[in-house]
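**Q** Could you look at this predicted model? Sequence included:
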Amino acid sequence: MAKETFTDNKRVKDLIRLMADNDLTEIELVEDKAKIRLKRDLAPDGGGTAPPPATPSAIRPAAAATAPAQDENLVPVKSPMVGTFYSAANPESDPYVKIGAPVEKDTIVCIIEAMKVFNEIRAETTGAIVKILVQNGQAVEYNQPLFLVKPE
C-alpha cells in the first residue's frame, strides 16, 4: 500500500507551476496525513521597492526570446526551474559571475531557490558571460534565460 507523498519532485514542481501560472504567493495542500505549504516572497532581501516579480503575466514568451536573438552567436544559460534567482551564495558574498567572467561547463553561475531549497545552476557551456538578464532576488520561470555567454 504505497501512499503518495509530497517528496515527489514532479508533484512539487507542478504545485510551483500552479502558483506561478495563477500569480499566487501561497498555496497549501492537505491529503490524508500529508501536508505541504508553499510560500514565495516577492520582495528581494534588503528592502526598498522591488521590481514586479517575473510571472507568466509579466513575461511573454516572445519577450523572453528576444534577448538571445540580438546576437545569434550568444548562448543563453536558462533556468531549469521556477524559483528565485540569487547571484551569490549569501548577501555578504561576491556574485558567482560578473560580466566578462570566463565560465566552463561546470562553473556555478547562480542559485535558484525553490521551496527553501537552493539549487546551484551551472553554465553548461564554455565561454565568457556577456550579459546578466535578471536581477538578484527576482522570480524566474522555467527555461527563462538568465545569462548570455559568448562561446569560445
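**A** Sure thing, it's come through.
**Q** going forward, measure contacts between C-alpha atoms and count neighbours the same way
**A** OK.
**Q** all strands for the protein, in order.
**A** Assignment of strands within the chain using DSSP state E yields the ranges 26-31, 34-39, 75-78, 83-86, 102-103, 108-114, 117-122, 127-132, 139-140, 145-151.
**Q** Now the fourth one: average pLDDT?
**A** Spelled out, it's strand 83-86. Taken as a whole, strand 83-86 has an average pLDDT of 96.
**Q** do the second one as well
**A** Averaged across strand 34-39, the pLDDT comes to 75.
**Q** and it, which residues are buried?
**A** residue 38 (16 or more other Cα atoms under 10 Å).
**Q** what angle sits between that strand and strand 26-31?
**A** Strand 34-39 and strand 26-31 are oriented at 170 degrees to each other (axes from the mean of the first three to the mean of the last three Cα atoms, to 10 degrees).
**Q** and of the strands of the chain, who's closest to residue 96?
**A** Residue 96 lies closest, by Cα to Cα, to one member of those: strand 108-114, at 5.3 Å.
**Q** any idea of the mean pLDDT in the closest one?
**A** For strand 108-114, the per-residue pLDDT averages 95.
**Q** Can I get that strand in CSV, CA atoms only?
**A** C-alpha atoms of strand 108-114 as CSV (Å, rounded to 0.1, in the frame of the first residue of the first chain):
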residue,chain,number,x,y,z
ILE,A,108,28.3,27.7,-10.9
VAL,A,109,26.8,30.9,-12.2
CYS,A,110,23.9,31.4,-9.7
ILE,A,111,21.5,29.8,-7.3
ILE,A,112,17.8,29.3,-7.9
GLU,A,113,15.8,28.9,-4.7
ALA,A,114,12.6,26.9,-4.8
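**Q** quick one: strands adjacent to it?
**A** Strand 108-114 pairs in its sheet with strand 83-86 (antiparallel), strand 117-122 (antiparallel), by DSSP bridges.
**Q** Buried deepest among these, which one?
**A** Of all those, strand 83-86 carries the top mean neighbour count, a mean of 26, counting by mean count of other Cα atoms under 10 Å.
**Q** Let's test this: name the helix or strand in the chain with the lowest mean pLDDT.
**A** Scoring the helices and strands of the chain by mean pLDDT, DSSP states H and E places helix 61-69 at the bottom, with a mean of 43.
**Q** I'd like to know which of the strands paired with strand 108-114 lies nearest to residue 39.
**A** Using Cα to Cα, these put strand 83-86 closest to residue 39, at 11.0 Å.
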